[in-house]
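**Q** model this:
(2 chains)
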Amino acid sequence: MIDVRNLEKSFGDVKVLRGITQTIQKGEKVVVIGPSGSGKSTFLRCINLLEQPTGGQIFIDDEEITAKGCDIDQVRSRMGMVFQHFNLFPHLTVKQNITLAPVQLKLMNQKDADKRAMELLGRIGLAEKADEYPNMLSGGQKQRIAIVRALAMNPEVMLFDEPTSALDPEMVGEVLDFMRELANDGMTMVIVTHEMGFAREVATRVLFIDEGVIMEQNEPKEFFANPQNERLKSFLSKVL
Amino acid sequence: MSFKERFILNFIEDNRWKYLLDGLSNTLVITIFALMLGVTLGFLVALVRVTHDKTGKLKLLNNISKLYLTVIRGTPVVVQLMIIYYVVFATMSVSKIVAAALAFGINSGAYVAEIFRSGIMSIDAGQMEAGRSLGLSYKTTMWKIVMPQAVKNVLPALGNEMITLLKETSVAGYIAIQDLTKGGDIIRSRTYDAMLPLLAVALVYLCVVLVLQHFVGKLERRLARSDRR
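**A** As a prediction, this is how the structure comes out:
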């Protein structure tokens, strides 16, 4: 479903990604780990072209999104993205945050979108917050609503860019629980995170990115129990 | 002469208060049309500048916008006003009021453009990214997500520009428009009393500004709804 070929990205003279090739199948939960500045977030942000790659190709469902003339808005509407800093729209209520995109893109009328938003909010136990503004909410609530906002578009894949890194420790659990639920429902997920426990438990595959390349990848049990790459060994020894 | 006699001389005799009232009406007409033109122009120029900075598109328009900002902000508004009336419209019969509204509107637009631009730039890049990641176009994201927040942030500065504009129109007398200031000045020249007419003019400006401030404050409070905790 996601096919990345020899992806490169430079910011000025700094080469952040130096040739990443990766195929992600439908239903996979791929967790990406690596030291800060390794390029893991850039890799994720290239997948929906929030960063414009400087080299290589990316295919989503066999459509090359790096090709000229590709309708990237259309492709993005099928891919949900969750940010480290939530990026809820502060001038809109929770419900408006969730319904804005489906209604603007004419996928639903306002009434159906409202109904769907209430369903999704009910699922995370925040239905009573529907008419409040984001700054009334805790970080954990904000992030779960940000996930719901992405889900309202019925995406085929969800991209998570360090979704728990900006949260107070006691709120990490509720967000991870919700993500775990999504994984169990069969959602295809690509997750950049520092939560090793979550990676071990939920991932079908773990990638280790350092210096702009994938240094190692494996299913989680082997990955954590039996790392091969020296850099990965030293990284795991620091974070575990 | 007692105050009462001076008051009668300056405002009542020969219906001299009419100079102030007619002047105020001209001042308001010029201000309102200049304001509408300025906000529209400023909004468009700000959009061009920001879109160019963010996407690299609209290069030609961006250069024109930059030239406009440099020229307008680099020259006095009185000079611009006279150029528009005596040079640009020299051979056309355009009413002075229209020329003034154009001149002040074009002038104000340059300042409004930079106000809007600072407002748009004050919005976290994550807002644009979040909108785009949901599949919304640049235009829709700008319009539905970035702009409403930007406008809210610049409302105090925009109110300030409105007040400045109102007061700047007091130089309209340079092209022989009888605005509020000119009206007071005419009374002074008739009665040889400077204090009362000029104080009256100042008082009227102040009252108009107070009304403006009241409405801007009201709007600010309404838009601040989502800030309440």
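
**Q** Which residue lies nearest the spatial centre of chain B?
**A** B:Leu165 (3.7 Å; CA atoms, centre = their mean).

**Q** Which residue, neighbours along the chain excluded, lies closest to A:Ile33?
**A** Closest residue in space to A:Ile33, ignoring its immediate chain neighbours: A:Phe208 at 5.8 Å, by CB to CB, 6 or more residues apart in numbering or on different chains. Any C-beta I mention is one placed from the backbone N, CA and C, and that applies to glycine too.

**Q** The closest residue to A:Leu126 other than its chain neighbours: neighbouring residues, count only.
**A** Using CB to CB, 6+ apart and skipping the chain neighbours, the partner closest in space to A:Leu126 is A:Gln141 (6.1 Å). Residues lying near A:Gln141 (other CB atoms under 10 Å in any protein chain shown) number 22.

**Q** Could you do A:Phe11 as well?
**A** If we define neighbours as other CB under 10 Å, then A:Phe11 has 10 of them.

**Q** And for B:Ala194?
**A** B:Ala194: 13 neighbours (other CB under 10 Å).

**Q** That one and A:Leu17, how far apart?
**A** Noted for B:Ala194: a distance of 74 Å to A:Leu17, by CB to CB, to the nearest Å.

**Q** Now do the SS call for the residue nearest to A:Ile33.
**A** Classification of A:Phe208 by DSSP: H, G, I helix; E, B strand; the rest coil places it in strand.

**Q** Which strand residues bridge it?
**A** For A:Phe208, the beta-bridge partners under DSSP bridges are A:Ile33, A:Glu216.

**Q** list the contacts for it?
**A** Residues counted as contacts of A:Phe208 (CB atoms under 8 Å, 6 or more residues apart in numbering or on different chains) are A:Ile33, A:Gly34, A:Ile214, A:Met215, A:Glu216, A:Gln217, A:Phe223, A:Pro227, A:Asn229, A:Arg231, A:Leu232, A:Phe235.

**Q** ok, the third one to A:Leu232 distance?
**A** Using CB to CB, one gets 11 Å for the distance from A:Ile214 to A:Leu232.

**Q** show me the contacts for B:Ala150.
**A** Counted by CB under 8 Å, 6+ apart, B:Ala150 has contacts B:Phe116, B:Gly119, B:Ile120, B:Ser122, B:Ile123.

**Q** Now, of these, which are buried?
**A** B:Phe116, B:Gly119, B:Ile120, B:Ile123 (16 or more other CB atoms under 10 Å in any protein chain shown).

**Q** Need those in CSV (columns: distance to B:Phe104).
**A** Output for these, formatted as CSV (distance: CB to CB, whole Å):
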residue, distance to B:Phe104
B:Phe116, 18
B:Gly119, 22
B:Ile120, 24
B:Ile123, 29
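
**Q** Dump those residues into a markdown table; add secondary structure as well.
**A** Output for the buried ones among the contacts of B:Ala150, formatted as a markdown table (three-state DSSP):
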| residue | secondary structure |
| --- | --- |
| B:Phe116 | helix |
| B:Gly119 | helix |
| B:Ile120 | helix |
| B:Ile123 | coil |
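
**Q** and which of those residues is nearest B:Tyr205?
**A** B:Phe116 (25.9 Å; CB to CB).

**Q** my guess is the closest one meets B:Ala46, correct?
**A** Yes - the pair B:Phe116 and B:Ala46 passes the contact test of CB atoms under 8 Å, sitting 3.5 Å apart.

**Q** Show me the helices in chain A, by range?
**A** For chain A, helices defined by DSSP state H occupy the ranges A:40-47, A:72-76, A:94-104, A:110-123, A:139-151, A:169-184, A:196-202, A:220-225, A:230-239.

**Q** Going toward the C-terminus from the longest helix along chain B, what's the next helix or strand?
**A** If you go by DSSP H, chain B has its longest helix at helix B:17-55. Using DSSP states H and E, the helix or strand that directly follows helix B:17-55 along the chain is helix B:59-74.

**Q** Looking at chain B, what residue ends up closest to chain A?
**A** Chain A sits closest to B:Gly135 of chain B, with a gap of 2.7 Å, by CB to the nearest CB.

**Q** Let me see the backbone angles for whichever residue of chain A sits closest to chain B.
**A** When scored by CB to the nearest CB, chain A has A:Ser77 as its residue closest to chain B, at 2.7 Å. Dihedral pair for A:Ser77: phi -70, psi -10, per degrees, to the nearest 10.

**Q** Look up the closest residue to it, ignoring the ones flanking it.
**A** Take A:Ser77 and drop its neighbours on the chain: the residue closest to it by CB to CB, 6+ apart is B:Gly135, 2.7 Å away.

**Q** Ok, A:Arg18 next?
**A** By the measure of CB to CB, 6+ apart, the closest residue to A:Arg18 outside its immediate chain neighbours is A:Gly212, 3.9 Å from it.

**Q** Return the residues in contact with the one you found.
**A** Contacts for A:Gly212 (CB under 8 Å, 6+ apart) come out as A:Lys9, A:Lys15, A:Val16, A:Leu17, A:Arg18, A:Gly19, A:Ile20, A:Ser38, A:Gly39.

**Q** swap the cut-off to 10 Å and go again
**A** Neighbour list for A:Gly212: A:7-10, A:14-20, A:34, A:37-40, A:42-43 [criterion: CB atoms under 10 Å, 6 or more residues apart in numbering or on different chains].

**Q** mind listing the helices for chain B?
**A** Using DSSP H, helices in chain B cover B:3-7, B:17-55, B:59-74, B:77-82, B:96-121, B:125-133, B:138-141, B:147-168, B:180-191, B:195-223.

**Q** quick one on the thing from earlier: and the longest helix of chain B, is it in reach of chain A?
**A** No - figure legend: helix B:17-55 not in contact with chain A (CB under 10 Å from any CB of the partner chain); closest approach 10.6 Å.

**Q** which parts of that helix are buried?
**A** For helix B:17-55, using 16+ other CB under 10 Å, the buried residues are B:19-20, B:23-24, B:26-27, B:29-31, B:33-35, B:37-39, B:41-43, B:45-52.

**Q** for stretch A:108-124, same thing?
**A** Neighbour-count burial for stretch A:108-124 flags A:Met108, A:Ala113, A:Asp114, A:Arg116, A:Ala117, A:Leu120, A:Leu121, A:Ile124 (criterion: 16+ other CB under 10 Å).
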